[in-house]
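**Student:** I need the structure of the sequence given here:
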Amino acid sequence: MAGWIIALLSGALMSVQGVFNTQVTKASSIWIASAFVQFTALLVCLAAWGCTDRSSLLSVFQVKPKYMLLGGAIGAFITYTVIRSMDMLGPAKAAMLIVIAQLIVAYLIELTGVFGVEREPLVMRKVIGMAVAIAGVVLFKWD
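**Tutor:** Here you go, the predicted model:
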């Protein structure tokens, strides 16, 4: 149950953050806003690290394969694309499309077993669920 609550909180925070970041972009530029977001995230993470586990900062470089270290770089582009999509589509439409894309890509990762994820079998119920979600986006967007 805790996983469900954390996931719901994550989705809610992502939507609020997207709106905030879009407003910051209007006062500066998209790359300045993205850099500010990443910088403030760094400060919060360092503060949380200092108050909690205090494991070695360099232990992150022990990860294998090394391309897994690209998560932060991907995060910069996530910030950029969330800001742009919310500015162009509005928060609700953008969030719906973002969630659908996350769902499809996550399921493809599970199906193929890439990036060290345990491979899962194709389950038609999940495919139907995604189709229903996509239909929901179409209905929501329908003017």
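**Student:** what's near enough to touch Leu69?
**Tutor:** Val60, Phe61, Val63 (CB atoms under 8 Å, 6 or more residues apart in numbering). C-beta here means a position set from N, CA and C on the backbone, and glycine is covered the same way.
**Student:** So which bits of the longest helix anywhere in the chain are buried?
**Tutor:** What stands out as the longest helix in the chain, according to DSSP state H, is helix 2-27. For helix 2-27, burial by neighbour count (16 or more other CB atoms under 10 Å) applies to Ser15, Gln17, Gly18, Val19, Asn21, Thr22, Val24, Thr25.
**Student:** Turn the contacts of Leu69 into a markdown table, columns for pLDDT and secondary structure.
**Tutor:** What follows is the contacts of Leu69, written out as a markdown table (pLDDT from 0 to 100; DSSP: H, G, I helix; E, B strand; the rest coil):
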| residue | pLDDT | secondary structure |
| --- | --- | --- |
| Val60 | 89 | helix |
| Phe61 | 91 | helix |
| Val63 | 90 | coil |
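**Student:** now Val99: how far from Ser10?
**Tutor:** 11 Å (CB to CB, to the nearest Å).
**Student:** And for Met130?
**Tutor:** Met130 is 19 Å from Ser10, where distance means CB to CB.
**Student:** for Val138, same thing?
**Tutor:** Distance from Val138 to Ser10, by CB to CB: 25 Å.
**Student:** And the pLDDT at the residue nearest to Pro91 when sequence neighbours are not counted?
**Tutor:** Closest residue to Pro91 apart from its sequence neighbours, by CB to CB, 6 or more residues apart in numbering: Val19 at 5.4 Å. For Val19, the pLDDT comes out at 91.
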